[in-house]
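>>> after the sequence you'll find the predicted model.
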Amino acid sequence: MKRKQLILLSVLGLAAVGLVFYLLVGRKANSRQPAAGMADSAKVATPRAHIDTAADIRIIREYYTKAYGSPTNSVEERDKLDESHLTPLMAERSFADENDVYPFVRCEVVPLDFLKTLRVGHLHDNWYMVSWKNESEPGLEKIPVRMVTDRNGHRKIGYVTPAGLGTAASDTIFHAKVVPMQAHPKSAHEFVEAFYRSYFSTFVTIDDHAHDARLELMRHCVERKGLEHASRDLSLGTMLVNNMLQNLDITASGKPRYAVYSMPQEGWFCVRGTYPHLEVAHYVKVEKHGSRYVIVRCQSYPPAVVTDKDFYIYFWPDKQPSFGAGQNDMEAFLNKYLQYPEQALQAGKGASVNVVMLTDKDGSLLSTEAEGDLSDPFVAEALQLLDVMPKWLPASNDIGECVQSYVYGTLVFSAKGGNAAVKFIREYPKQR
């Protein structure tokens, strides 16, 4: 009997010790969990996903080897290679542009010894550097490449930088997702700004759905009759898109540098690169259909020009257009016809408005633009001044022929003590 009692007490003792141990361990474990209701707001550090850099390097090297080291590739083989190694957006960008420049190597002709000097190295995180020796340039050609994991879990080339950023390449130069179109723009100018902001973001992103988003944006914002022109003039490979991609602001997430100019023709706007890419321009006409704005026309030449065949611009003519007797003569004319906004005059308020003029072969102004919305009185006044402008001395080429050319500059409005003035500061795009 005593033996059975002793065994029973031993079992109970072990059970008690186990219970105490369970409670102690359970309390410590629970103390590491967030309190009830806090899990959604607590900032929990998540470990960075492991990156197999060796596997990524193999994928990049394999793509560049087959795409640029095998000139016998058929179209079908190249399409298959792009599909397996690139995201849809990069596959769209992989072929030569209208200037026969291959964007992934930034040259027209790939060197014969390309594979001999090809190197792929890891920069940081998902970034890699592709480099090789270009015979026509000193040093190595360097192209930063960003790898991504696509929607199916496959590692692919998701971004190849369009500009020479070198080791400064980082995720700050593109959008993680396509910028959505603004729901209810208040004016046609705001609509154009919102459209191009969203449109350009579909090229400057690692978003796997960028291509589909662009098609949806076009269907929603462009009138069906205008889709043919829009699809042609807004496609990758045109001067506008190519130059916008090369003119990225690396301090702002994937933001090409451009501005929207108003024009005197009703509904017309110009999307133009900022200095020094002033010559990069695109013209768009907007109408209001019911409660929404739509693009009804896209083209690469001003509305005053009948067809693109009549539009041959000398951006850097041998002789630039000039006004009368020069700068003083021009400012005297501007101040003679100045109608300063009344409220701004009383408040002593000034402003600077960037303007563009297209001089025809006879020196007349074929087209005028002012940066900003016409609801801004200074923008409206800038266009008014350009509208009464007399003929300029036309530009001419190297054989003395009069040619069409742009004049770029800034109208600076100032007011003090009830007196108003305006002056013109001219700018010249840098020849590339």
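Looks like it arrived, so ask away.
>>> all contacts plus neighbour counts: C-alpha atoms, from now on.
Fine.
>>> what sits closest to the residue nearest to the spatial centre of the chain if chain neighbours are left out?
By CA atoms, centre = their mean, the chain has its centre lying nearest to Pro256, at 3.5 Å. Take Pro256 and drop its neighbours on the chain: the residue closest to it by CA to CA, 6 or more residues apart in numbering is Leu248, 4.4 Å away.
>>> so that neighbour makes contact with Ile173?
Yes: under the criterion of CA atoms under 8 Å, Leu248 makes contact with Ile173 at 7.4 Å.
>>> double-check that Val412 belongs to a strand.
Yes: judged by DSSP: H, G, I helix; E, B strand; the rest coil, Val412 forms part of a strand.
>>> which residues does the closest residue to it other than its chain neighbours contact?
Of all residues not flanking Val412 in the chain, Ser352 sits nearest, at 4.5 Å (CA to CA, 6+ apart). Residues in contact with Ser352 (CA atoms under 8 Å, 6 or more residues apart in numbering) are Thr410, Leu411, Val412, Phe413.
>>> between those residues, which sits nearest Gly348?
The shortest gap between Gly348 and any of the contacts of Ser352 belongs to Phe413, at 10.3 Å (CA to CA).
>>> that older thread, could the contacts of Ser352 be laid out in JSON lines, adding neighbour count, pLDDT and distance to Ser262?
Formatted as JSON lines, the contacts of Ser352 follow (neighbours: other CA atoms under 10 Å; pLDDT from 0 to 100; distance: CA to CA, whole Å):
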{"residue": "Thr410", "neighbour count": "18", "pLDDT": "97", "distance to Ser262": "14"}
{"residue": "Leu411", "neighbour count": "23", "pLDDT": "98", "distance to Ser262": "15"}
{"residue": "Val412", "neighbour count": "17", "pLDDT": "98", "distance to Ser262": "17"}
{"residue": "Phe413", "neighbour count": "23", "pLDDT": "98", "distance to Ser262": "18"}
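>>> strands of the stretch 151-300 of the chain, start to end?
Secondary structure of the stretch 151-300 of the chain (DSSP state E, counting those that start in this stretch): strands at 155-160, 248-249, 255-256, 258-262, 268-273, 281-289, 292-299.
>>> among the ones you listed, which gets the worst mean confidence?
Note on the strands of the stretch 151-300 of the chain: strand 248-249 shows the lowest mean pLDDT, a mean of 70.
>>> now tabulate the strands of the stretch 151-300 of the chain in CSV and tack on distance to Asp212.
Below are those laid out as CSV (distance: least, CA to CA, whole Å):
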stretch, distance to Asp212
strand 155-160, 16
strand 248-249, 23
strand 255-256, 20
strand 258-262, 24
strand 268-273, 23
strand 281-289, 22
strand 292-299, 19
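>>> which parts of the protein belong to which domain?
53-165, 188-299, 327-427 (the TED database).
>>> of the ones you listed, which is nearest Trp316?
domain 327-427 (7.9 Å).
>>> okay, now the closest one: how far is its last residue from its first?
Length of domain 327-427, first residue to last, CA to CA, to the nearest Å: 13 Å.
>>> ok, back up a step: okay if I get the domains of the chain as CSV plus distance to Val179?
As requested, those are exported to CSV (distance: least, CA to CA, whole Å):
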stretch, distance to Val179
domain 53-165, 15
domain 188-299, 5
domain 327-427, 21
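>>> do you know the pLDDT at the nearest residue to Ile57 once chain neighbours are set aside?
Among residues not flanking Ile57 along the chain, Val120 sits closest, at 6.3 Å (CA to CA, 6+ apart). With respect to pLDDT, Val120 scores 96.
>>> what stretches of the protein score poorly on pLDDT?
1-49, 71-72, 96-101, 163-164, 236-237, 249-254, 306-310, 432 (pLDDT under 70).
>>> mind running it again at 80?
Along the chain, segments meeting pLDDT under 80 span 1-49, 70-73, 95-103, 106-109, 134-139, 162-168, 226-255, 275-277, 306-311, 429-432.
>>> give me the beta-bridge partners of Phe269?
On the basis of DSSP bridges, Phe269 is bridged to Ser262, Val284.
>>> likewise for Leu393?
When bridges are called by DSSP bridges, Leu393 pairs up with Ser322.
>>> surely it meets Gly324?
Yes: using CA under 8 Å, Leu393 is in contact with Gly324, at 6.9 Å.
>>> work out for me the element the residue nearest to Val412 sits within.
In the assignment (DSSP states H and E), Ser352 maps to strand 351-359.
>>> I'd like to know which elements whatever helix or strand comes next after that strand is packed against.
The helix or strand immediately downstream of strand 351-359 is strand 365-371, counting by DSSP H and E. If you count contacts as 3 or more CA pairs under 8 Å, 6 or more residues apart in numbering; DSSP states H and E, strand 365-371 packs onto strand 258-262, strand 351-359, helix 377-387.
>>> for Asp113, which of the ones you listed is the nearest?
Of the helices and strands packed on strand 365-371, nearest to Asp113 by CA to CA is strand 258-262, at 38.6 Å.
>>> the inter-axis angle of the closest one versus strand 351-359?
Counting by axes from the mean of the first three to the mean of the last three CA atoms, to 10 degrees, strand 258-262 lies at 80 degrees to strand 351-359.
>>> can you name every helix or strand that strand 258-262 contacts?
Checking 3+ CA pairs under 8 Å, 6+ apart, strand 258-262 ends up next to helix 188-201, strand 268-273, strand 365-371.
>>> same list (these) but as TSV, adding distance to Met218 and mean neighbour count.
Output for these, formatted as TSV (distance: least, CA to CA, whole Å; neighbours: other CA atoms under 10 Å):
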stretch	distance to Met218	mean neighbour count
helix 188-201	9	21
strand 268-273	17	23
strand 365-371	24	24
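>>> can I get these in TSV including distance to Tyr68?
Listed next are these as TSV, based on distance: least, CA to CA, whole Å:
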stretch	distance to Tyr68
helix 188-201	27
strand 268-273	32
strand 365-371	43
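>>> out of the ones you listed, nearest to Ser136?
Going by CA to CA, the one of the helices and strands packed on strand 258-262 nearest Ser136 is strand 268-273, 29.0 Å.
>>> how many neighbours does Arg155 have?
Using other CA atoms under 10 Å, Arg155 has 19 neighbouring residues.
>>> what's across from it in the sheet?
Bridge pairing for Arg155 - DSSP bridges - gives Thr149.
>>> now do Cys107
On the basis of DSSP bridges, Cys107 is bridged to Tyr102.
>>> skip the chain neighbours and tell me the closest residue to Val422.
Closest to Val422 by CA to CA, 6+ apart is Phe413, at 4.5 Å.
>>> perfect, I'm done here.
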